[in-house]
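Enquirer: coordinates for the following, if possible.
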Amino acid sequence: MRRKRAPRRLVVDDTVWIWTVGHLHPPCRELLTLRSADTPHDLLRLVFQEGPGRVTQGGTMGAGQVADTGDGYLNLNKPGVVRRFVDEATARGLLPTAPGVREIDGWPLFDALVAKEKPTD
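Expert: Residues are numbered from 1 along each chain as shown. Modelled structure (predicted):
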């Protein structure tokens, strides 16, 4: 069984990413923290705070799961999902460029990833 917040590795092209998933209270929120192995002090933290139309861990949701009240659902523990967040953050220019923690709302990225999953008519 994996320890909570245990760092995991993900290789994207030539970059090794270290990522963790966590849950904090209050308020109820899931965290996906990413950093490149080459720049270990430059962290990107995606925050998924529970709110209207937004659901995080608890009830029927397990650790690391985030959803909207529609049919959008992502599991932050899945490497493929994390890879998609890395790609979307890169495309939006959200990766940190200086030491410290860059904390951003993860829901806009969630919406983009879920929209890409939906079939088009």
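Enquirer: sketch out the low-pLDDT regions of the chain for me.
Expert: 1-5, 58-60, 119-121 (pLDDT under 70).
Enquirer: what sits opposite the residue nearest to the spatial centre of it in the beta ladder?
Expert: Compute the mean C-alpha point of the chain, and by C-alpha atoms, centre = their mean the closest residue is Leu32, 3.9 Å away. Leu32 forms beta bridges with Val21, Leu46, as assigned by DSSP bridges.
Enquirer: and it, what does it touch?
Expert: 19-21, 45-46, 48, 76, 82, 85, 106 (C-beta atoms under 8 Å, 6 or more residues apart in numbering). From N, CA and C alone the C-beta is placed, and that goes for glycine too.
Enquirer: now with 7 Å?
Expert: 19, 21, 46, 76, 82, 85, 106 (C-beta atoms under 7 Å, 6 or more residues apart in numbering).
Enquirer: look up how far Leu24 lies from the fifth one.
Expert: Between Val82 and Leu24 the computed distance is 18 Å (C-beta to C-beta, to the nearest Å).
Enquirer: compare these two (neighbour count), which wins?
Expert: Val82 (22 against 12; other C-beta atoms under 10 Å).
Enquirer: quick check: that one is in a helix.
Expert: Yes: under DSSP: H, G, I helix; E, B strand; the rest coil, Val82 sits within a helix.
Enquirer: now it: how far from Pro27?
Expert: For Val82, the distance to Pro27 - C-beta to C-beta - is 23 Å.
Enquirer: same deal with Ala91?
Expert: From Ala91 to Pro27 the distance is 29 Å (C-beta to C-beta).
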